[in-house]
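take a look and give me a structure for this.
(chains A and B)
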Amino acid sequence: MSGKNRILIVEDEEAIAKMIAMNLEVSNYDTQIYYDGSEAEAALSRDHDYDLALLDVMLPGKNGFELLEVMKKYGIPVIFLTAKDDLGSKIQGLKGGAEDYIVKPFEILELLVRMEKVLARADKLSHTIKILNMEINFEEHSVKQDGREVILKPKEFELLSVLAKNKNIAISRENLLRMVWGIEYMGETRTVDVHIGQLRKKLGLADHIKTISKMGYRLEE
Amino acid sequence: MKLRTKILWISCIALLAASLFGDALILRITGKSLKSEATIRAYQSFYEMTGELEQGLIRNMDADMRSVYLEYYFKNLKDDYSICFLWVGNTEETNEIRQIYNHTALSAGELSQMDFKSYEGDDITYVDYSRDNTDYVIFRMNIQDKIDVYRVVPMAEVQNNVRRLTGYILAITFGVAGITMLVLFIILRHILQPLQELNETTKRLAEGNYDQRVVIRRKDEIGQLEESFNKMAEAVETSTRSLEESERRKTLFMGNLTHELKTPMTAISGYAQTLLSTKISRENQEAALLYIYEECGRLERLSKKMMKLLELDQDESLVFVDTPVSRLFEAAAKSCEVILREKQMTLECIEHGEHFPMELDLMTDVLINLIDNGIKASDSGGKIILRAYDNCIEVQDFGQGIPAEEQEKIMEPFYMVDKSRSRKSGGAGLGLALTAMIAKRHNISIRIDSKEGEGTRIILQFV
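Numbers count the residues shown, from 1 in each chain, chains lettered A, B, ... in the order given. Got it, this is the predicted structure:
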């Protein structure tokens, strides 16, 4: 499956909705925003081809929990994004059938990673990503550059995957370490630097894997 | 121990003690009385007997005759009485009469040695004697200085009577005591029952059921206690409810405040993060920065209003100056010039020289807030009216109006009837809360007269 994933955003704060959309678009998602629960429901009856829905709980019109039922009907997985971080709401949300429940304020990276997990579970993620002159296949764990396969070590491939899935977003060394080598890894972040160097060399990405001071590494397209 | 049991025991003991004491007294007196009677009867019969004996002896003066006579008399009497004839005369006439006729339980020697008392110098003397738990009265009379006649009268019958009487009296005493206790038991239970009920109710109240009350059935001290209890329960319930209410409102306030803070912070933080870590177009960068700027503005306004709200609440002494309404209207109109023009609305001021004591800046804020709300609720091109009359100031708009069920709540901090509309224009729902606080400090009561679709009048009444 290829093509962009379509994400539905229902959030009544314009600033936040636009911010999420901006970040998602950068990460290669298509987005659609509704500021009102009832409006969203009405729109869904006409067009419900979404891969994932990000819902706020406190909405005008139908609230998030009520919209959850609507989403279930269309088979659209839901992640709640809300300021309500009391245990009761969390339980209600998750038990009601949401895939995840994120409390504001949150980091974009966290949102993207969680979204990815949900999409993967629902098998809606593409198995390949095309970026720059590369084609990365997650099923086969292979990279083709300009049509020719490039051999990468397992961790190199993982690192490339993470950077590619989060293209244009800077990720810190610590986060890269966690995401690729796992939380238990006792090594230093220098490992990340070394592997980045390898990727730049093997794939000629020296100009595209940028070092962003104080923020980390970023694969730019 | 239960009160009832205590009372019953004490009453029982007291009653029995008193009764038994009285009984003992009665029995003693009765016993004495019966004994007296019996003694007197015995005395009389002894008197008769000795009288006859004496007369007989006088007639028969011959010694032989006398002894025969005595013997005869003794034989006659001894079956009926316990008697003893004892010669105490001169030894010269002794030959026949040293006979002692004794049909008593005592020996002659014992009898003669007793200490006899006399009834007022009478010839007959007596003594009380007791042996083997039986009482006796012993009479003695001396006849012609020669013979002592003794008679021993048992008081057994008296004793038996006394015993029987004791039995009856004790039976009656305990019987009465028993019945009295039973009656007391029933009465006490009736009286103390309400205390039991009161105790149960108090326990339930303590557990948190503040609506518990007791039914008042009597007018006595217990009834008064019940009444007082009900009053107290009422006070506890009211106090608890108002505390709970207060607590609830505080929690709600804090919850809302947190939310109102979190929301802009999320946006600001999110955009800043995006700007730092994500490669986005120049256009998007500018949009992000603009949002940050606007949300900061919102936070600033919010915190300013919160500060004001807190300040006013701290009971600072405000200086009220008697000010003509015209000045107030002028100040408000000036401040709202821009927002009125933006929506092409007009402000109409009607006043007749009224003047009220007020803090001008705060009241101006109030009017600005109300005018602002009116503008937001109206379509472009409408008008807002400021009116003063009697002791009131009124702000009227012809906009959306406020639904009846919301009218109560709009004064509460953070409450917004139409969230999205308010947020869009940068509000956080504090305007009216501030207005309400300022009004309170001015001793102004606020009334809302609003109909959906027609408009709203906010009436500020100076009391």
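
tally of neighbours for residue 53?
Here I'm looking at chain A. The number of residues packed around A:Ala53, counting by other CB atoms under 10 Å in any protein chain shown, is 27. Every C-beta, even on glycine, is put in place using the N, C-alpha and C of the backbone.

let's do chain B instead
With neighbours defined by other CB under 10 Å, the count for B:Leu53 comes to 21.

give the contact list for the residue positioned nearest the centre of chain A.
The structure's chain A has its C-alpha centroid closest to A:Leu112; by CA atoms, centre = their mean the separation is 2.5 Å. Residues in contact with A:Leu112, defined by CB atoms under 8 Å, 6 or more residues apart in numbering or on different chains, are A:Asn23, A:Leu24, A:Ser27, A:Lys165, A:Asn166, A:Ile169.

just B:Glu244 next, same as before
By CB under 8 Å, 6+ apart, B:Glu244 has no neighbours at all.

ditto for B:Thr258
By CB under 8 Å, 6+ apart, the contact list for B:Thr258 reads A:Ala83.

so it is in which element?
Secondary structure from DSSP states H and E places B:Thr258 in helix B:221-277.

how about the helix or strand just after that helix: buried residues?
Once the chain leaves helix B:221-277, the next helix or strand it forms, by DSSP H and E, is helix B:282-313. By neighbour count with 16 or more other CB atoms under 10 Å in any protein chain shown, helix B:282-313 contains the buried residues B:284-285, B:287-288, B:291-292, B:294-295, B:298-299, B:302, B:305-306, B:308-309, B:312.

residue ranges with poor pLDDT in chain A?
Chain A contains residues with pLDDT under 70 at A:1-3, A:183-187.

so which bits of it are right by chain B?
With CB under 8 Å from any CB of the partner chain as the criterion, chain A comes near chain B at residues A:12-16, A:18-20, A:22-23, A:26, A:35-36, A:58, A:60, A:83-84, A:104-109, A:168-171, A:212, A:215-216, A:218, A:220.

residue contacts, the nearest residue to B:Lys262 once chain neighbours are set aside?
Nearest-residue entry for B:Lys262: A:Ala83, 4.6 Å, with adjacent residues in sequence omitted and distances by CB to CB, 6 or more residues apart in numbering or on different chains. Taking CB under 8 Å, 6+ apart as the criterion, A:Ala83 is in contact with A:Met58, A:Val103, A:Lys104, B:Thr258, B:His259, B:Lys262, B:Thr263, B:Thr266.

show me where chain A has helices.
Using DSSP state H, the helices assigned to chain A run over residues A:14-26, A:37-46, A:64-74, A:87-96, A:108-121, A:154-165, A:173-176, A:190-203.

mind listing the helices for the stretch 351-463 of chain B?
With DSSP state H, counting those that start in this stretch as the criterion, the stretch 351-463 of chain B has helices at B:360-377, B:404-407, B:419-424, B:431-441.

worst mean pLDDT among these?
For the helices of the stretch 351-463 of chain B, the bottom mean pLDDT is recorded on helix B:419-424, which sits at a mean of 64.

sorry, back to before: for the helix holding B:Thr258, what is the average pLDDT?
In this model, helix B:221-277 has a mean pLDDT of 85.

now do stretch B:291-308
Averaged across stretch B:291-308, the pLDDT comes to 85.

that older thread, quick one: the helices of chain A as a markdown table, columns for distance to B:Tyr101 too.
Putting the helices of chain A into a markdown table (distance: least, CB to CB, whole Å) gives the following:
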| stretch | distance to B:Tyr101 |
| --- | --- |
| helix A:14-26 | 141 |
| helix A:37-46 | 137 |
| helix A:64-74 | 128 |
| helix A:87-96 | 120 |
| helix A:108-121 | 138 |
| helix A:154-165 | 148 |
| helix A:173-176 | 142 |
| helix A:190-203 | 148 |
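
winner for burial among the ones you listed?
Comparing the helices of chain A on average neighbours per residue, with mean count of other CB atoms under 10 Å in any protein chain shown, the densest one is helix A:14-26 at a mean of 22.

between it and helix A:108-121, how many degrees?
For the pair helix A:14-26 and helix A:108-121, the angle between their directions (axes from the mean of the first three to the mean of the last three CA atoms, to 10 degrees) equals 60 degrees.

now helix A:14-26 and helix B:221-277, what's the angle there?
If you take the same axes, to 10 degrees, helix A:14-26 sits at 40 degrees to helix B:221-277.

that older thread, of the buried residues of helix B:282-313, closest to B:Cys336?
The shortest distance between B:Cys336 and any of those, using CB to CB, involves B:Lys305 and amounts to 17.4 Å.

reformat the helices of the stretch 351-463 of chain B as a markdown table; add distance to chain A and mean neighbour count.
Shown next, in a markdown table, are the helices of the stretch 351-463 of chain B (distance: least, CB to the nearest CB, whole Å; neighbours: other CB atoms under 10 Å in any protein chain shown):
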| stretch | distance to chain A | mean neighbour count |
| --- | --- | --- |
| helix B:360-377 | 16 | 21 |
| helix B:404-407 | 14 | 12 |
| helix B:419-424 | 5 | 16 |
| helix B:431-441 | 19 | 20 |
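
contact partners for residue 58?
Going with chain A. Per CB under 8 Å, 6+ apart, neighbours of A:Met58: A:Asp12, A:Gly64, A:Thr82, A:Ala83, A:Lys84, B:His259.

ah, I was thinking of chain B
Under the contact definition (CB under 8 Å, 6+ apart), the residues listed for B:Ile58 are B:Gln144.
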